[in-house]
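Q: here is my input, please return the structure:
(chains A, B and C)
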Amino acid sequence: MEFANLDRYPAVAMAGVDKFYGRFQALRGVDLTVERGEIVVICGPSGSGKSTLIRCINALEAHDGGAITVNGVRLGKDRASILDVRREAGMVFQQFNLFPHLTILENCTFAPRSSLKMDKAKAEALALRYLARVQIADQAHKYPAQLSGGQQQRVAIARALCMEPRIMLFDEPTSALDPEMVGEVLRAMEELAADGMTMICVTHEMGFARKVADRCVFMDRGEIVEAGPAEPFFDNPQSERLQGFLAQVLK
Amino acid sequence: MQFDFALAYDNMPALLSGAWMTLLVTFTVMAIGGPLGLLVSFARMSRHRGLALFGAAYVAICRGAPSLILLYLIYNGLAQLDLVREGWLWLLFQHAFFCVVVAFSLNHSGYVVEIMRGGMEAVPAGLIEAAAALGLSPRQVLWKVKLPMAIRYGMKAYQTESLIFMKSTAAVSAVTLTDLTAAANEIFYLTYDPFTPILTAGFIYWVINNAMRFGFEWLDRRLNRHLTLA
Amino acid sequence: MELLALGDTGYGDELLFGAWLTIKLALYGFLLALIFGLALAVFSLKGKGPRWWLFRAYASVFTGVPSLLIIFLFYFGGAEIVRGLLSPFGISVKLDVSPFAAGVAALALVYAAYLGDLIRGAILNVPKGQFEACEALSVPRRHLWFRIILPQALRLALPGLVNTWIVLLKDTALVSLAGLNDLIAQAKIAAGSTKEPFMFFTAALVFFVLISSLTLPLVRQIALRLERGQRRAGV
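A: Prediction:
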């Protein structure tokens, strides 16, 4: 991973981003800048556009207005910029989206081998390293259906890491998990954060946000209502909407 | 590869009478094979081991064999047996139409057995329990609740099977019955134009196919007027 | 029973030869139908566009007409069709279409319509998240389809594929009416010569019933082995 010149650019820079679904405006003029190594948590009620926002970053959704720049690469509608951005930012999904017919190891080596043309031995070594990092290397030869939800999500994290992205995007990674498995996934994410990864997380886990986030962002109805460092965000919410939301969530 | 409209027009009566035979065979078989399949389905689903085995064998043979083989067996095969040839049954079996109806009814009923089985299994257990709890006898539950529901659940599958069946009646041209396919072939043999008669016959089949489909959809709508099926 | 013997005395080897021809016809027809059906499915994947309507028109024609009619069309008119297709390119061929070729072509075109529908439905049932994961991982399109989506789609389509195979196998019987010396034709010949139709047609019947009865449990075994610890109802 080369870091030359990267410190010049913020990891993610979004300026005036709009997104429409037909006539419904999901994102309204969103401005957000994430610096290298920063941990940003995005929260808000359902329908607030937080998932849409994060999916616009790696072009799973196409934004209609404004500019998105990832590690200095301006995201356009052309395949080249989309590909570049997707190599920079890895994503972990709420539904894991592991490939059910491949083993854990194959799930992780699949993208490096087919996209980066890595050879099998090198890809497997890489995969085992990242699987070990999320403490699941011993399950490498099992199939996803044989693992619990928490284990599957950790594999999903390892799979995204195998492409060695410089930014990790998390779209409600623990929302589909039974409560007793949420902890293991959050722990994996905390370790990742401690290692200096730039992370943008959409999550309802306020405890995690409070502990790990550098900055928290509150979204409602397509726009950023309030953003700031974690402590004041939770202890001293400025806007009424955030106060209401926190009162609901932290009950 | 020309289409001769004049030829098609001239031969329309022959083709239409062939189409009439196709429809006759189709609906006669459906009228006989349907109830027959219903009957055998009781055997298939009965708790008596012998009956269930008979039912399974019946289905395996009637569904597993191409209808053409059943046709040859009944038309050519039965004629070989002295019992049939010298008995009163010969009055019936000497006619190609009768043999066709028997053979296809066996084939069609095989599918009906499995469709009924699927339909019965699709009836929610809760409905049966509710009916029994209301004091209906097992026979009443069967006839008033289970069967009507099973028929509705199986209707889509029956529709699919019937449309396929109608098209498979084209095989009767092998045993001297002049259906639509045989009529088209005859025109070909006379005129050496393969396209006009076959394409015209194809069009007529296509019309019959879609007409039957609409008929089924109408029936389905009527039966399910007040129902929303899961 | 001696009539069924192999060698000169009995019709056994003629029947076996016919059975082999039947299977060959079914295999060629099914494989071509599968490839063409796959192409149709991918082609018409997005619903409600012009491609989808084209596919629906094709399916309406080829599933709305008896396969026997199409077999006859290709057998009687096949040579002219090929000539008509190639003449704009200045190629003039004189060929005879054999019953086997007519049968394969007809079955392939008809069953491609059924399989296309089946496979299309199966692809649409592969969870959307699989596509998204591949996009996020910047997996090239070719690998997305051949390594991730199609394997899962074919697994979903397997019961339908097997059923279609059985139906197609039985449909091959009709090609005997176009002159192919398959199992049915051989049985008919033997029946005619020996005046024992019952025995020979029963033998042919047993062949088909055995294959269709044994295929389902066999495929279930293979499917179980392929599942490899996957739960049936999606991840």
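
Q: after the helix or strand of chain B with the lowest mean pLDDT, next one along is what?
A: Lowest by mean pLDDT, DSSP states H and E among the helices and strands of chain B is helix B:82-85, with a mean of 70. With elements assigned by DSSP states H and E, the helix or strand that comes after helix B:82-85 is helix B:90-93.

Q: which of the three states applies to residue A:94?
A: coil (DSSP: H, G, I helix; E, B strand; the rest coil).

Q: show me what contacts it?
A: Residues near residue A:94 by CB atoms under 8 Å, 6 or more residues apart in numbering or on different chains: A:171-173, A:175-176. For glycine as for every other residue, the C-beta is placed from the backbone atoms N, C-alpha and C.

Q: top of those by number of neighbours, please.
A: Of all the contacts of residue A:94, the highest neighbour tally under other CB atoms under 10 Å in any protein chain shown goes to residue A:173, namely 27 neighbours.

Q: contacting residues for that residue?
A: Residue A:173 is in contact with A:92-94, A:153, A:156-157, A:185, A:189, A:201, A:203, counting by CB under 8 Å, 6+ apart.

Q: related to what we said a few turns ago, between the contacts of residue A:94, which is nearest residue A:136?
A: Minimum distance to residue A:136 across those is 14.9 Å, recorded for residue A:173 (CB to CB).

Q: which residue lies closest in space to the residue of chain C most remote from its centre, excluding its sequence neighbours?
A: The C-alpha centroid of chain C is most remote from residue C:136, which lies 37.0 Å away (CA atoms, centre = their mean). Counting by CB to CB, 6 or more residues apart in numbering or on different chains, residue C:136 lies nearest to residue A:91, which is 4.1 Å off, once chain neighbours are set aside.

Q: secondary structure class for that neighbour?
A: strand.

Q: and for it, the neighbour number?
A: Around residue A:91 there are 26 other residues, counting by other CB under 10 Å.

Q: thought residue B:192 was touching residue B:7, still the case?
A: No: if you go by CB atoms under 8 Å, residue B:7 and residue B:192 don't touch, sitting 11.1 Å apart.

Q: counting by contacts, list what whichever helix or strand residue B:14 is part of packs against.
A: Using DSSP H and E, residue B:14 falls within helix B:5-45. Judged by 3 or more CB pairs under 8 Å, 6 or more residues apart in numbering or on different chains; DSSP states H and E, the packing partners of helix B:5-45 are helix B:49-64, helix B:96-122, helix B:147-168, helix B:180-191, helix B:195-223.

Q: other residues contacting the third one?
A: Put plainly, it is helix B:147-168. Helix B:147-168 has contacts (CB under 8 Å, 6+ apart) with B:22, B:26, B:29-30, B:67, B:104, B:107-108, B:111-112, B:115-116, B:118-120, B:122-123, B:127, B:205, B:208-209, B:212-213, B:216, B:219-220, B:223-224, B:227, B:229, C:65-67, C:167.

Q: pull the CA atoms of stretch A:103-119 into PDB?
A: Taking Å, rounded to 0.1, in the frame of the first residue of the first chain, the C-alpha atoms of stretch A:103-119 are listed here in PDB:
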ATOM      1  CA  THR A 103     -15.800 -21.700   1.000                       C
ATOM      2  CA  ILE A 104     -14.700 -18.900   3.400                       C
ATOM      3  CA  LEU A 105     -11.200 -19.000   1.900                       C
ATOM      4  CA  GLU A 106     -12.600 -18.900  -1.600                       C
ATOM      5  CA  ASN A 107     -14.900 -16.000  -0.700                       C
ATOM      6  CA  CYS A 108     -11.800 -14.000   0.300                       C
ATOM      7  CA  THR A 109      -9.500 -15.000  -2.500                       C
ATOM      8  CA  PHE A 110     -12.200 -14.600  -5.200                       C
ATOM      9  CA  ALA A 111     -11.900 -10.800  -5.800                       C
ATOM     10  CA  PRO A 112      -8.100 -10.500  -5.600                       C
ATOM     11  CA  ARG A 113      -7.700 -13.400  -8.000                       C
ATOM     12  CA  SER A 114     -10.300 -12.300 -10.600                       C
ATOM     13  CA  SER A 115     -10.000  -8.500 -10.200                       C
ATOM     14  CA  LEU A 116      -6.400  -8.000  -9.300                       C
ATOM     15  CA  LYS A 117      -5.200 -11.100 -11.200                       C
ATOM     16  CA  MET A 118      -3.300 -12.300  -8.100                       C
ATOM     17  CA  ASP A 119      -2.100 -15.900  -8.200                       C
END
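
Q: may I see the buried residues of that stretch?
A: A:103-115, A:118 (16 or more other CB atoms under 10 Å in any protein chain shown).

Q: report the buried residues of the helix or strand of chain C with the lowest mean pLDDT.
A: The weakest-scoring helix or strand in chain C, judged by mean pLDDT, DSSP H and E, is helix C:197-227 (a mean of 84). Residues of helix C:197-227 classed as buried by neighbour count (16+ other CB under 10 Å): C:197-205, C:207-209, C:211-213, C:215, C:219.

Q: check what pLDDT the closest residue to residue A:229 other than its chain neighbours gets.
A: Nearest non-adjacent residue to residue A:229, counting by CB to CB, 6+ apart: residue A:215, 5.9 Å away. The confidence metric pLDDT takes the value 93 at residue A:215.

Q: got it, and residue C:78?
A: According to the model, residue C:78 scores 86 on pLDDT.

Q: could you look up the SS state of it?
A: Counting by three-state DSSP, the backbone at residue C:78 sits in helix.

Q: ok, it to residue A:124 distance?
A: Separation of residue C:78 from residue A:124 (CB to CB, to the nearest Å): 53 Å.

Q: same check, this time on residue A:237
A: For residue A:237, the distance to residue A:124 - CB to CB - is 48 Å.

Q: residue A:87: what's it in contact with?
A: Each residue near residue A:87 by CB under 8 Å, 6+ apart is listed here: A:163, A:165, C:138.

Q: most neighbours, which of those residues?
A: Among the contacts of residue A:87, residue A:165 has the most neighbours (other CB under 10 Å), with 25 neighbours.

Q: just checking, that residue touches residue A:85?
A: No: contact criterion CB under 8 Å: residue A:165 and residue A:85 do not qualify, at 10.0 Å.

Q: residue closest to the middle of chain A?
A: Geometric centre of chain A, nearest residue: residue A:169, 1.4 Å, by CA atoms, centre = their mean.

Q: which residues touch that one?
A: By CB under 8 Å, 6+ apart, the contact set of residue A:169 is A:54, A:57-58, A:89-92, A:199-201.

Q: what's the closest non-adjacent residue to the residue in chain A that chain B sits nearest to?
A: Going by CB to the nearest CB, chain B is nearest to residue A:95 of chain A, at 25.3 Å. For residue A:95, ignoring the flanking residues on the chain, the nearest one in space by CB to CB, 6+ apart is residue C:129 at 5.0 Å.

Q: surely that neighbour meets residue A:100?
A: No: contact criterion CB under 8 Å: residue C:129 and residue A:100 do not qualify, at 10.7 Å.

Q: neighbour count: those two, which is higher?
A: Comparing residue C:129 with residue A:100 by neighbour count (other CB under 10 Å), the higher total belongs to residue A:100, at 24 against 16.

Q: return the member of the contacts of residue A:94 nearest to chain C.
A: After measuring the contacts of residue A:94 against chain C - CB to the nearest CB - the closest member comes out as residue A:171, at 9.7 Å.

Q: so how far is residue C:206 from the closest one?
A: Counting by CB to CB, the gap from residue A:171 to residue C:206 is 58 Å.

Q: now do residue A:34
A: Note on residue A:34: its distance to residue C:206, by CB to CB, is 72 Å.

Q: same question for residue C:68.
A: 24 Å.

Q: could you do residue B:24 as well?
A: Taking CB to CB as the measure, residue B:24 falls 31 Å from residue C:206.

Q: I'd like to know how many residues surround the residue nearest to residue B:67 when sequence neighbours are not counted.
A: Nearest residue to residue B:67 in three dimensions, chain neighbours excluded: residue B:107, at 4.6 Å (CB to CB, 6+ apart). Applying other CB under 10 Å, we find 25 residues neighbouring residue B:107.
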